[in-house]
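1. below are the sequence and a predicted model for it; my questions follow.
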Amino acid sequence: MADVNATTSKRAHADVDKENRAATVKVEDGAKKTRVETSLTAETLPPPSSTFVQLRFQLARFKGVYRVIRVPLNYTFANLYKLIIFVFGWHGDHLHRAHAGHFKRGGKLGPWPPGDPLDVDHPLYRIYEMERRQDVAEYEVVMKGGRRREVKEAEYFGDIPDTEAIVEDQDLCLSQVWNPKARKNASKGACGNKEVGVKFEYDLGDCWEVHITMDNEDFFTVKPPSNLPIMVTSKNKGAPPIEDVHHDILGEIEAHRKTLSALLFYSPNIFARYLRGEVDSVAGKTSLEVHLVGAPGEPGARNEEDDGDDDVDAEGEDDDDDEFQNPFWFTLQFLDSK
């Protein structure tokens, strides 16, 4: 994978900067009424940042369905949730949660196990068992206003308390998971940033999983500062099957062959427009479409013929999903308020 060309990137940053300056001027001019007009984006996105982390978002069990995105390091997990929903074309009406911590790459995830997919005794669900330590907390992170659980202690851990701290997802930043100073990452210095991963689960009935890791060892400096993500995936293909459908659909092609809307790559403010409710994304039969909300206009999907090339990541490795094994440190769970 590679970044979009330098000319496009510079143009994107310039456009973002122009929008940010305009918003700042309006606020400095004065009035509370003007400030309210810009709050739709401001209350969702953090302030512009110059430090970005390049993350790989791999849809588990679907070869070739992934995103590589440079994300502001001050994004909260609430911001991350919105970004994932947008770039994978999901409507966001289901429960979601995530686990973060130290992991080791293992074998590929196999086919979905037979029987009850929610059988927590199946080995598939034990790849995220925690290594209990007195100095390590397990966190349940809930959506703002979501339900809370009481702190519990598990008897089978003996003298080691099973601590479950509760924090809302808008209070936890990516810099607390991946950090230029490894001692400040999720493992508190026990491992490098490359060994830290997030397993994001969406729709706990159908159990879509997105595995999130650093795609590049380096952190990036963006000038001027921005609070909008930068898509850097070079191959505009790969989208999930149609959501909430549990049977084959006539005309739906394989997930890795679906095309992606060019708006994901070449419209630098598209995520801000999504947050304002101006555009939406949806995974369809042959493409992931980005379209105006309430308008019958063109979806903006780029249609490309399958070139037969295998997808590879930034290091030239095949992008088959790897299983996360033996993680520890802490667990993050996001639960929508219903």
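-> That came through fine.
2. low-confidence ranges, the stretch 151-300 of the chain, go.
-> 151-168, 204-206, 234, 246-247, 295-300 (pLDDT under 70).
3. can you rerun that using 90?
-> Judged against pLDDT under 90, the low-scoring parts of the stretch 151-300 of the chain cover residues 151-172, 176-177, 182-212, 216-218, 232-253, 255-257, 262-268, 293-300.
4. all helices for it, in order.
-> Counting by DSSP state H, counting those that start in this stretch, the stretch 151-300 of the chain has helices at residues 263-266, 270-275.
5. can I get those in CSV including mean neighbour count?
-> C-beta coordinates here come from the backbone N, C-alpha and C atoms, glycine included. Below are those laid out as CSV (neighbours: other C-beta atoms under 10 Å):
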stretch, mean neighbour count
helix 263-266, 20
helix 270-275, 21
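6. to Leu83, which of those lies closest?
-> helix 270-275 (6.8 Å; C-beta to C-beta).
7. and the contacts of the closest one?
-> Contact with helix 270-275 is made by 19, 40-41, 44-45, 82-83, 86, 228-229, 263-264, 267, 279-281, 290, as judged by C-beta atoms under 8 Å, 6 or more residues apart in numbering.
8. related to what we said a few turns ago, so which of the helices of the stretch 151-300 of the chain is nearest Arg257?
-> Judging the helices of the stretch 151-300 of the chain by C-beta to C-beta, what sits closest to Arg257 is helix 263-266, at 16.7 Å.
9. report pLDDT for the closest residue in space to His211 that isn't next to it in sequence.
-> Leaving aside its sequence neighbours, His211 sits nearest to Gln58 (C-beta to C-beta, 6 or more residues apart in numbering; 4.8 Å). If you check Gln58, the pLDDT there is 89.
10. give me the beta-bridge partners of Gln58?
-> For Gln58, the beta-bridge partners under DSSP bridges are Tyr66, His211.
11. and for Phe86, the neighbour number?
-> 22 (other C-beta atoms under 10 Å).
12. and it, which of the three is it?
-> Phe86 carries the three-state label helix when classified by DSSP: H, G, I helix; E, B strand; the rest coil.
13. could I have the buried ones of the contacts of helix 270-275 as PyMOL selection syntax?
-> Only the buried entries of these go into this PyMOL selection, using 16 or more other C-beta atoms under 10 Å:
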select buried, resi 19+41+44+45+82+83+86+228+229+263+264+267+279+280+281+290
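14. who's in contact with the residue nearest to Pro241 when sequence neighbours are not counted?
-> Distances taken as C-beta to C-beta, 6+ apart place Ala255 nearest to Pro241, at 5.9 Å, with adjacent residues excluded. Applying C-beta under 8 Å, 6+ apart to Ala255 gives the contacts Leu59, Phe62, Gly64, Val65, Gly238, Ala239, Pro240, Pro241.
15. ok, so of the residues you listed, who is nearest Thr213?
-> The closest of the contacts of Ala255, once distances to Thr213 are taken by C-beta to C-beta, is Leu59, at 13.2 Å.
16. count the neighbours of the spatially closest residue to the closest one that is not a sequence neighbour for me.
-> In this structure, Leu59 finds its nearest non-sequential neighbour in Val65, 4.1 Å apart by C-beta to C-beta, 6+ apart. Close neighbours of Val65, defined as other C-beta under 10 Å, add up to 26.
17. go on, the one 4 residues further on?
-> Other residues near Ile69 come to 22 when the count uses other C-beta under 10 Å.
18. give me the phi and psi for it.
-> Dihedral pair for Ile69: phi -140, psi 140, per degrees, to the nearest 10.
19. ok, it - contacts?
-> By C-beta under 8 Å, 6+ apart, the contact set of Ile69 is Gln54, Leu55, Phe57, Leu83, Val87, Pro229, Ile230, Met231, Val232, Thr233.
20. in the host helix or strand of the first one, what's buried?
-> Per DSSP states H and E: Gln54 is located in strand 49-59. Neighbour-count burial for strand 49-59, counted by 16+ other C-beta under 10 Å, picks out Ser49, Thr51, Phe52, Val53, Gln54, Leu55, Arg56, Phe57, Gln58, Leu59.
21. tabulate the residues you listed in CSV, adding columns for distance to Glu217.
-> Putting the buried residues of strand 49-59 into CSV (distance: C-beta to C-beta, whole Å) gives the following:
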residue, distance to Glu217
Ser49, 19
Thr51, 14
Phe52, 14
Val53, 10
Gln54, 9
Leu55, 12
Arg56, 12
Phe57, 17
Gln58, 18
Leu59, 23
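22. tell me the one of those nearest Thr259?
-> Leu59 (15.6 Å).
23. distance of that closest one from Tyr202?
-> As for Leu59, its distance to Tyr202 is 10 Å (criterion: C-beta to C-beta, to the nearest Å).
24. which neighbours do these two share?
-> With C-beta under 8 Å, 6+ apart as the test, Leu59 and Tyr202 both reach Trp208, Glu209, Val210.
25. what about the residue lying closest to the second one once chain neighbours are set aside, how many neighbours?
-> Closest residue to Glu209 in three dimensions, ignoring its sequence neighbours and counting by C-beta to C-beta, 6+ apart: Ala60, at 3.9 Å. The number of residues packed around Ala60, counting by other C-beta under 10 Å, is 19.
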